[in-house]
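Asks: All I have is the shape, not the residue letters:
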């Protein structure tokens, strides 16, 4: 039996919320796992219009170049893009896990450790896809959803 619209809406909302609640804390304090959030290979990763090669390159930027950051997420919104996203499972009824999701996050970011530094607004858009290797269960740093596309913008 195919999932209902309510089941799809609930699954996409939970996926977007869980993603934001794990991704931004990793950017702040667990930068060594950032690459685990990305699909292989991602389609596009942009930071203020500058292309970044892949999740490993994003992790390298945050580990080696970026000052400490503090993110304050104000909003998370999502929209299902494709309810029939290709997955590793074949046959059987559709599952809510077999979809791609557009996630839009907005909030504030502060670059540096001092609380006196100014916060900048940011807007970030992601396309999340199911992690095909996660059908076997969770392991260390296993993600249910992976970033296929990302576009980060500081708000002027």
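Replies: The structure has been received and is ready for your questions. Please read all numbers here as calculations on a predicted model, not as lab measurements. Numbers count the residues shown, from 1 in each chain.
Asks: Going by C-alpha atoms from here, please, whenever you check contacts or count neighbours.
Replies: Noted.
Asks: In stretch 56-75, which residues are buried?
Replies: Across stretch 56-75, burial judged by 16 or more other C-alpha atoms under 10 Å covers 56, 58, 59, 60, 62, 63, 69, 70, 71, 72, 73.
Asks: now swap in stretch 19-34 and tell me
Replies: For stretch 19-34, burial by neighbour count (16+ other C-alpha under 10 Å) applies to 19, 20, 23, 24, 27, 31, 34.
Asks: which element is the third one on?
Replies: Of the helices and strands defined by DSSP states H and E, residue 23 is found in helix 5-29.
Asks: Check which helices and strands that helix sits against.
Replies: Using 3 or more C-alpha pairs under 8 Å, 6 or more residues apart in numbering; DSSP states H and E, the elements in contact with helix 5-29 are strand 69-82, strand 100-111.
Asks: what angle do the longest one and helix 5-29 make?
Replies: Angle between the axes of strand 69-82 and helix 5-29 is 150 degrees (criterion: axes from the mean of the first three to the mean of the last three C-alpha atoms, to 10 degrees).
Asks: Same question for the last one.
Replies: Between the direction of strand 100-111 and that of helix 5-29, the angle (the same axes, to 10 degrees) works out to 30 degrees.
Asks: now the buried residues of stretch 56-75 as JSON lines including distance to residue 48 and pLDDT?
Replies: Below are those laid out as JSON lines (distance: C-alpha to C-alpha, whole Å; pLDDT from 0 to 100):
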{"residue": "56", "distance to residue 48": "18", "pLDDT": "96"}
{"residue": "58", "distance to residue 48": "13", "pLDDT": "97"}
{"residue": "59", "distance to residue 48": "16", "pLDDT": "97"}
{"residue": "60", "distance to residue 48": "17", "pLDDT": "97"}
{"residue": "62", "distance to residue 48": "15", "pLDDT": "97"}
{"residue": "63", "distance to residue 48": "19", "pLDDT": "97"}
{"residue": "69", "distance to residue 48": "16", "pLDDT": "96"}
{"residue": "70", "distance to residue 48": "18", "pLDDT": "97"}
{"residue": "71", "distance to residue 48": "16", "pLDDT": "97"}
{"residue": "72", "distance to residue 48": "18", "pLDDT": "97"}
{"residue": "73", "distance to residue 48": "18", "pLDDT": "98"}
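Asks: Appreciated, that's everything.
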